[in-house]
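> What would the 3D arrangement of this be:
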Amino acid sequence: MTETAPALPDTMKVIEISEPGAPDVLVTASRPVPEPGLGEILIKVVAAGVNRPDVAQRQGNYAPPPGASDLPGLEVSGTVAAIGSGVSEWKVGDEVCALTPGGGYAEYCVTPAAHALPIPAGISLLEAGAMPETFFTVWTNVFDRGGLQAGERVLVHGGSSGIGTTAIQLANVLGARVFTTAGTQEKCKVCEDLGAERAINYREKDYVAVLRDLTDGEGVDLILDMVGGDYFNRNLSALRTEGRLVQIAFLSGPKMEVSLVPIMMKRLTVTGSTLRPQSVDAKAKIADGLRRTVWPLVEAGRVKPVMHATFPLNEAAKAHQMMEDGDHIGKIVLQVS
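Numbering: from 1, shown residues only. Have a look, this model is predicted:
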């Protein structure tokens, strides 16, 4: 049986992708309010984070998985407006933030109940809309898949991005030595203020050479990379023996010529993942890890979302243009209500 708040509207405002293309293909439209199914909740959206996968979907390069909404938007915050059957952990009126399979650019959004988290104390609903996609991504890739341990050295590429600012803070708070790359001195300073031991301006210095100097020639234990392309072989050079490379995107392209020699000689591990196609159960396990380990750090004020700009929902195209321009530091968020 579905539990609902009174007087839910029949329709809602959404942002659709009219066709693959530039930011101006994002258009305002009206659609029926979805109903939560088994194990799902309906969220009245307050804020929706803007992420690189949204841009890739808009460009026609990242199709939604089967059964997911065709609307962009992979993270939201808001209040629970309705509850599907089989849900016991939430009630109508609860304030939550959640990872979604799609559909976040809308006034209402359905997502599995197990992918929702309470709003951490001290965090606003607007800030919380910037958290799920980045925190899920960093936790599963840096700590679960990458196995980062206290005392190890980690290199975070794209340190001023939403992913980067989150990874720097979490790795630092959990005891790792953090290095990062960014494209301006302003961005580098922000990264160091967040806990990076050294932020390297990749436009001015070779990060491989800098890391060699900073680590007495050893290299780092783990690299989180979203660049790909010619960074791949350079990353292999920057890793120490038994190091791990975790690939989460390829902004400079997915293809490159690779020598297997450093992988074999240094016994390196190369892995990677995307979040959206993973199963409901897999993402629920990530949510549980965040609830147990990371949310207390957020509530203690030791980790926080870094916000750059907020746009109203009907200005989603401007938000996408800002992301593509690449001058932002931290997260871009759509304010829905």
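> How about the secondary structure of the residue nearest to Q57 when sequence neighbours are not counted?
Closest residue to Q57 apart from its sequence neighbours, by Cβ to Cβ, 6 or more residues apart in numbering: P72 at 5.3 Å. In this view, the C-beta of every residue, glycine as well, is placed from N, C-alpha and C. Under the three-state scheme (DSSP: H, G, I helix; E, B strand; the rest coil), P72 adopts coil.
> list the contacts for P72?
For P72, the contact set (Cβ atoms under 8 Å, 6 or more residues apart in numbering) comprises 15, 17, 26, 54, 57-58, 102, 104-105, 316.
> same thing with G158?
Counted by Cβ under 8 Å, 6+ apart, G158 has contacts 164, 181-182, 226-227.
> Can you list which of the residues you listed are found in strands?
Of the contacts of G158, the ones assigned to strands by DSSP state E are 181-182.
> of the contacts of G158, closest to G219?
T181 (14.6 Å; Cβ to Cβ).
> Hmm, the closest one is touching A167, no?
No. Under the criterion of Cβ atoms under 8 Å, T181 is not in contact with A167, lying 12.0 Å apart.
> okay, those two: which has more neighbours?
A count of neighbours by other Cβ atoms under 10 Å puts A167 above the other of T181 and A167, at 34 against 28.
> so how far is H157 from that one?
9 Å (Cβ to Cβ, to the nearest Å).
> P20 too?
In terms of Cβ to Cβ, P20 sits 27 Å off from H157.
> Tell me which of the two has more neighbours.
Neighbour count, other Cβ under 10 Å: between P20 and H157, H157 has more, with 26 against 11.
> Can you give the distance of stretch 28-38 from its chain's centre?
For stretch 28-38, the distance from its own C-alpha centre to the chain's C-alpha centre is 24 Å (Cα atoms, centre = their mean, to the nearest Å).
> Quick check: buried residues in it?
Buried residues in stretch 28-38, counted by 16 or more other Cβ atoms under 10 Å: 31, 33-34, 36.
> repeat for stretch 322-331
Judged by neighbour count (16+ other Cβ under 10 Å), stretch 322-331 contains these buried residues: 322-323, 328-331.
> Which of those sits closest to E89?
Of all the buried residues of stretch 322-331, K331 has the smallest distance to E89: 26.3 Å, by Cβ to Cβ.
> Skip the chain neighbours and tell me the closest residue to the closest one.
Distances taken as Cβ to Cβ, 6+ apart place A130 nearest to K331, at 3.8 Å, with adjacent residues excluded.
> From what I see, A47 and I332 are in contact.
No. Contact between A47 and I332 fails when scored by Cβ under 8 Å: they sit 10.8 Å apart.
> which residues do the two both contact?
Both A47 and I332 are contacted by T310, under the criterion Cβ under 8 Å, 6+ apart.
> If you count surrounding residues, which of those two has more?
Per other Cβ under 10 Å, whichever of A47 and I332 has more neighbours is A47, with 25 against 22.
> host element of that one?
Using DSSP states H and E, the element containing A47 is strand 40-50.
> That strand - contacts with which helices or strands?
Counting contacts by 3 or more Cβ pairs under 8 Å, 6 or more residues apart in numbering; DSSP states H and E, strand 40-50 is packed against strand 75-83, strand 95-99, strand 108-112, helix 125-128, helix 132-138, helix 316-325, strand 331-335.
> Now A284. Nearest residue, chain neighbours left out?
A114 (3.7 Å).
> Tell me how many other residues surround that neighbour.
Neighbours of A114 under the rule other Cβ under 10 Å: 22.
> can you check the one 5 residues further on too?
I119 has 23 neighbouring residues, counting by other Cβ under 10 Å.
> That one reaches E95, doesn't it?
Yes. Using Cβ under 8 Å, I119 makes contact with E95 at a distance of 4.8 Å.
> any common contacting residues for these two?
Contact criterion Cβ under 8 Å, 6+ apart; residues shared by I119 and E95: 77, 125.
> I123: neighbour count?
Look at I123: counted by other Cβ under 10 Å, it has 20 neighbours.
> So it lies in a helix, does it not?
No. Read with three-state DSSP, I123 is coil and lies in no helix.
> how about a markdown table for the buried residues of stretch 28-38, with pLDDT added?
Listed next are the buried residues of stretch 28-38 as a markdown table, based on pLDDT from 0 to 100:
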| residue | pLDDT |
| --- | --- |
| R31 | 98 |
| V33 | 98 |
| P34 | 97 |
| P36 | 97 |
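> Let me see the domain layout of the protein.
By the assignment in automatic domain parsing, the chain contains the domains 3-131+276-335, 135-272.
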